[in-house]
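Asks: For reference, the sequence and a predicted model appear below.
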Amino acid sequence: MTQKRLSHLLELTSDSTVSQWERGVNAPYGKDLVKLTSIFNVSSDYLLGLEDNGLSVNEYKYFPAYVSAGLPNDVEAVTDYETITIPDKIMGKHAGNKNIYFIKVNGESMNKIIPHDSLIAVRPVSSVHELKNDDIVVYRKDSEYAIKRLVIDKDKLIFKPESTDERFYDDVVHIDDVDDLTIKGKVVLYIVNLD
C-alpha cells in the first residue's frame with residue numbers, strides 16, 4: 001500500500017505523516033493507531049512492537065532434561081533452569097501460567113502420540129484428585145520418572161504406555177501402595193519434532 005493511499009484511508013491532512021511514521025520521526029496518535037489496527041488487521045501491541053510477529057508470547061521454565069533421565073526430586077526446588085518462549089496461541093488456555101514447565105521426552109513408551117525428543121508442557125498437580133481418566137502424566141515411582149496415560153480404576157492407578165514397541169507394559173499401582181509414587185504433573189501440551 002502506498003503512503004498516499006494509507007494517508008487517504010486514515011483521513012490525514014498531510015501525505016508526509018505516514019512517511020514520518022515509517023522513518024521513526026513521529027508516531028501515530030491513538031485514533032490513528034486504532035484505524036491502523038483495523039486496516040491491517042493486527043493488534044495495537046503488534047504495531048507498537050510489544051508482540052513478536054503479531055503474536056503475544058510468554059516465557060516458561062525449561063528443564064534441559066528428559067523425563068526418563070530422572071528429573072530432580074522436586075522440580076519446584078530447582079533453580080538451574082532455562083526459559084523457553086512460546087506463543088500464547090499455541091499455549092491456549094494455559095498461556096501465561098507461570099507454574100507450567102517444559103521438558104523433553106526420552107524413549108518410545110508414548111511414541112504413538114508423543115515421539116522421542118518431543119517437548120512437553122507440564123502443569124504440576126498436588127494430588128491425584130486433580131486428574132481424570134486418560135490424562136497424560138509425568139510421575140515418579142521407585143526413583144524413576146516416566147510419562148504415561150493414567151487410568152483410574154477403583155482401587156488402583158494404571159499408567160498405560162501408548163507405544164508401537166510391545167516391550168512397554170502397564171504400570172499398576174494399588175491405592176494402598178502409593179508411598180513411593182509422586183505424580184509430578186499433567187501434560188497439557190506437547191510439541192512434536194517431525195525431523
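Replies: Cool, got the structure.

Asks: hey, let's count contacts and neighbours off CA atoms from now on
Replies: OK.

Asks: so how far is stretch 113-121 from its chain's centroid?
Replies: Chain-centre distance of stretch 113-121: 12 Å, with Cα atoms, centre = their mean, to the nearest Å.

Asks: typo on my end, stretch 25-44
Replies: On Cα atoms, centre = their mean, the centre of stretch 25-44 falls 30 Å from that of its chain.

Asks: swap in stretch 112-123?
Replies: 11 Å.

Asks: Stretch 154-163 too?
Replies: On Cα atoms, centre = their mean, the centre of stretch 154-163 falls 25 Å from that of its chain.

Asks: contacts for the strand or helix carrying Thr83?
Replies: Applying DSSP states H and E as the criterion places Thr83 in strand 82-87. Applying Cα atoms under 8 Å, 6 or more residues apart in numbering, the contact partners of strand 82-87 are 55-64, 95, 102.

Asks: Need these in CSV (columns: neighbour count).
Replies: As requested, those are exported to CSV (neighbours: other Cα atoms under 10 Å):
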residue, neighbour count
Leu55, 16
Ser56, 17
Val57, 19
Asn58, 15
Glu59, 18
Tyr60, 21
Lys61, 19
Tyr62, 20
Phe63, 21
Pro64, 14
Ala95, 18
Phe102, 23
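
Asks: In helices, which of the residues you listed appear?
Replies: Using DSSP state H, no member of the contacts of strand 82-87 falls in helices.

Asks: Of those, which is the nearest to Pro161?
Replies: Phe102 (20.3 Å; Cα to Cα).

Asks: What score does the closest one have for pLDDT?
Replies: Reported pLDDT at Phe102 in the predicted model: 94.

Asks: do the same with the one 10 residues further on
Replies: We note a pLDDT of 92 for Lys112 in this prediction.

Asks: Tell me which entries of the contacts of strand 82-87 lie within strands.
Replies: 57-64, 102 (DSSP state E).

Asks: Please identify which pair of the residues you listed lies farthest apart.
Replies: Largest pairwise distance in the ones in strands among the contacts of strand 82-87, by Cα to Cα, is 20.3 Å, between Val57 and Pro64.

Asks: quick one: average confidence on the top helix by length along the chain?
Replies: If you go by DSSP H, the chain has its longest helix at helix 30-40. What helix 30-40 shows for mean pLDDT is 86.

Asks: in that helix, what counts as buried?
Replies: 33, 35-36 (16 or more other Cα atoms under 10 Å).

Asks: swap in stretch 84-104?
Replies: For stretch 84-104, by 16+ other Cα under 10 Å, it's 86-88, 91, 94-96, 100-104.

Asks: Turn those residues into CSV, columns for distance to Asp179.
Replies: CSV is the format used below for the buried residues of stretch 84-104 (distance: Cα to Cα, whole Å):
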residue, distance to Asp179
Ile86, 36
Pro87, 38
Asp88, 37
Met91, 33
His94, 30
Ala95, 33
Gly96, 33
Ile100, 25
Tyr101, 25
Phe102, 26
Ile103, 25
Lys104, 26
